[in-house]
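Colleague: Give me coordinates for this.
(one chain, ligands or ions: 1)
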Amino acid sequence: MATKHPQARPANPRFSSGPCAKIPTFSLDLLADAPLGRSHRAKVGKDKLKAAIETTREVLGIPADYKIGIVPASDTGAVEMALWSLLGARKATMCAWESFGAGWVTDVVKQLKIDAEVKTADYGQIVDFADVDFNTDVVFTWNGTTSGVRVPNGDKIPADREGLTICDATSAAFAMDLPWDKLDVTTFSWQKVMGGEAAHGMIVLSPRAVERLESYTPAWPLPKIFRMTKGGKLIDGIFTGATINTPSMLAVEDYLVALDWAKTVGGLEGLIKRSTTNAKVLWDFCDRHDWIANLAEDEATRSNTSVCLKFTDDRITDGAAFAKAVAKKLEDYNAAYDIGAYRDAPAGLRVWCGATVEASDLEALTLWLKWAFEECIAEQ
Ligand SMILES: Cc1ncc(COP(=O)(O)O)c(C=O)c1O
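Modeller: Residues are numbered from 1 along each chain as shown. Next up is the predicted model:
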């Protein structure tokens with residue numbers, strides 16, 4: 001029997017894990033200063049790109065001697081660029097606990113055919129860095145977007161490691177503390193915690209990563225969009241705003257606007273606080289109900305951005321169909337968009353809780369979630 005749905009909907013029902021909700025103050029008018037129709041190599045364009053790099057450094061607290069570049073093809077482009085340019089100099093260790101990490105394993109083992117140890121953990125669990133040899137090059141995803149499991153901190157990464165750490169931090173940057181001294185290559189996209197646009201990625205290189213780039217040439221050919229060196233020297237321009245190819249100046253403007261907003265909410269500390277407050281709404285909801293649980297098994301690894309949930313009620317006969325039905329009902333009622341679990345992940349929901357989402361919208365969502373759950377149980 002149909003029950004009455006909650007009265008108030010989330011003011012913004014956009015809980016997609018990427019592209020993620022725009023900043024709460026977003027309006028197209030905010031992009032009026034974009035130098036549209038101008039060259040990205042003109043002073044006006046280069047200044048904008050440089051500002052995007054240096055404001056990223058400021059907000060994220062990236063050390064002055066680290067290089068930051070804007071690169072093609074979003075986070076995927078940034079990760080691929082790192083893997084293809086840096087790996088092969090020594091043995092690698094590939095760590096994966098969900099589908100994106102698994103994708104990097106495929107690239108390294110099947111495409112690049114690098115001598116690599118592969119360490120995996122099931123959805124909900126994580127690879128213990130105590131068992132990882134950091135004298136190899138280690139590739140991992142800080143926050144597994146499709147499992148909602150994150151590295152708790154960098155304590156187990158040795159300061160005196162001989163290998164490089166290559167970290168896909170796309171759903172972590174701007175929402176979690178990243179220990180820059182433990183990360184040699186860090187990548188992310190604007191379309192996640194900052195609610196920016198996709199298509200452009202960022203790559204952050206430690207001095208050790210630069211040293212590797214300048215002293216090692218991979219045995220395989222590198223396409224132009226992956227090349228960070230010329231004649232054995234880093235192409236410095238990439239890290240000062242002279243991008244490899246043409247960027248979208250509209251997307252750049254949008255990112256600058258998001259960075260300005262980030263400063264108004266307290267910078268990195270404020271962004272982390274917003275994400276954690278958001279995620280806590282769902283963590284607490286799980287604690288209060290025995291039919292839903294966090295996919296992350298260990299509290300210390302629970303993501304505060306991509307919160308993944310599983311249904312645990314014995315009455316559910318077909319887990320995948322049930323989760324899909326709940327997500328569809330919420331979408332049909334405009335209460336929540338795009339919260340079905342990722343296609344390769346276990347059945348359930350994935351609700352983005354990054355800094356651009358409002359806690360009050362997540363509170364409203366929990367009422368709808370309860371309603372949709374009860375409806376779907378009755379409709380089975
Ligand atoms: C952990 C992780 N890596 C890589 C990607 C791919 O990012 P993009 O589509 O921005 O290249 C995503 C996207 O959701 C992700 O969550």
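Colleague: helices and strands around the helix or strand where residue 47 lies, which ones?
Modeller: Assigned by DSSP states H and E, residue 47 belongs to helix 43-60. With contacts taken as 3 or more C-beta pairs under 8 Å, 6 or more residues apart in numbering; DSSP states H and E, helix 43-60 sits against strand 67-72, helix 249-264, helix 267-288. Where you see a C-beta, it was placed from the backbone N, CA and C, and this is true even at glycine.
Colleague: give me every residue that touches residue 6.
Modeller: Going by C-beta atoms under 8 Å, 6 or more residues apart in numbering, residue 6 touches 335, 364, 367, 368, 371.
Colleague: Kindly report the same for residue 247.
Modeller: Residue 247 neighbours (C-beta under 8 Å, 6+ apart): 40, 49, 70, 200.
Colleague: From those residues, pick the one nearest the ligand.
Modeller: residue 200 (8.9 Å; C-beta to the nearest ligand atom).
Colleague: Which members of the contacts of residue 247 are the farthest-apart pair?
Modeller: Distance extremes for the contacts of residue 247: the farthest pair is 40 and 200 at 11.4 Å, using C-beta to C-beta.
Colleague: how far away is the residue most central in space within the chain from residue 84?
Modeller: The residue lying closest to the centre of the chain (C-alpha atoms, centre = their mean) is residue 171, at 1.7 Å. Per C-beta to C-beta, to the nearest Å, residue 171 is found 22 Å from residue 84.
Colleague: that older thread, will you turn the contacts of residue 247 into TSV that also has neighbour count, distance to the ligand and pLDDT?
Modeller: Formatted as TSV, the contacts of residue 247 follow (neighbours: other C-beta atoms under 10 Å; distance: C-beta to the nearest ligand atom, whole Å; pLDDT from 0 to 100):
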residue	neighbour count	distance to the ligand	pLDDT
40	20	20	97
49	22	18	98
70	26	13	98
200	25	9	96
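Colleague: My guess is the residue nearest to the centre of the chain contacts residue 192. True?
Modeller: Yes - taking contacts as C-beta atoms under 8 Å, residue 171 lies within contact range of residue 192: 5.2 Å.
Colleague: Quick check: neighbours shared by these two?
Modeller: Contacts common to residue 171 and residue 192, judged by C-beta under 8 Å, 6+ apart, are 17, 18, 305, 354.
Colleague: top of those by neighbour count?
Modeller: Of all the shared contacts of residue 171 and residue 192, residue 305 has the most neighbours under the rule other C-beta atoms under 10 Å, reaching 30 neighbours.
Colleague: What separation is there between it and residue 272?
Modeller: For residue 305 relative to residue 272 (C-beta to C-beta), the value is 10 Å.
Colleague: Over to residue 352?
Modeller: 15 Å.
Colleague: With neighbour numbers in mind, choose between those two.
Modeller: Applying other C-beta under 10 Å to residue 352 and residue 272 shows that residue 352 carries more neighbours, namely 29 against 18.
Colleague: For the residue lying closest to the more buried one once chain neighbours are set aside, which residues are in contact?
Modeller: The shortest distance from residue 352 to any non-neighbouring residue, by C-beta to C-beta, 6 or more residues apart in numbering, is to residue 17 (4.6 Å). When contacts are counted by C-beta under 8 Å, 6+ apart, residue 17 touches 145, 171, 192, 305, 306, 338, 342, 350, 352.
Colleague: Assumed residue 17 was part of a helix.
Modeller: No - secondary structure of residue 17 (DSSP: H, G, I helix; E, B strand; the rest coil): coil, not part of a helix.
Colleague: Run through the shared contacts of residue 171 and residue 192 and flag the ones next to the ligand.
Modeller: Contacts with the ligand within the shared contacts of residue 171 and residue 192, as defined by C-beta under 6 Å from any ligand atom: residue 18.
Colleague: want to try TSV for the shared contacts of residue 171 and residue 192, with distance to residue 321 and pLDDT as columns?
Modeller: Shown next, in TSV, are the shared contacts of residue 171 and residue 192 (distance: C-beta to C-beta, whole Å; pLDDT from 0 to 100):
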residue	distance to residue 321	pLDDT
17	21	98
18	25	97
305	27	98
354	29	98
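Colleague: and of the shared contacts of residue 171 and residue 192, the nearest to residue 294?
Modeller: The nearest member of these to residue 294, counting by C-beta to C-beta, is residue 305 at 13.1 Å.
Colleague: That closest one contacts residue 172, correct?
Modeller: Yes - the criterion here is C-beta under 8 Å, and residue 305 meets it with residue 172 at 7.0 Å.
Colleague: overlap in contacts of those two?
Modeller: By C-beta under 8 Å, 6+ apart, residue 305 and residue 172 have these common neighbours: 143, 193.
Colleague: interface residues of the stretch 1-150 of the chain facing the ligand?
Modeller: So the stretch 1-150 of the chain meets the ligand at 18, 74, 75, 76, 100, 141, 145 (C-beta under 6 Å from any ligand atom).
Colleague: Return a PyMOL selection command for the buried portion of those.
Modeller: In PyMOL, this line selects whichever of those come out buried by 16 or more other C-beta atoms under 10 Å:
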select buried, resi 18+74+75+76+100+141+145
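Colleague: ok so, going back, quick one: which of the shared contacts of residue 171 and residue 192 is nearest to the ligand?
Modeller: So of these, ranked by how close each gets to the ligand (C-beta to the nearest ligand atom), first place is residue 18, at 4.3 Å.
Colleague: Identify the residues contacting that closest one.
Modeller: 145, 171, 189, 191, 192, 198, 352.
Colleague: try 6 Å
Modeller: Counting by C-beta atoms under 6 Å, 6 or more residues apart in numbering, residue 18 touches 191, 192.
Colleague: low-confidence ranges in the stretch 251-380 of the chain?
Modeller: Counting by pLDDT under 70, the stretch 251-380 of the chain shows no low-confidence range.
Colleague: what ranges do the strands span in it?
Modeller: 292-294, 306-311, 349-352 (DSSP state E, counting those that start in this stretch).
Colleague: So for the ligand, which of those strands sits nearest?
Modeller: Checking the strands of the stretch 251-380 of the chain against the ligand by C-beta to the nearest ligand atom gives strand 306-311 as the closest, at 7.2 Å.
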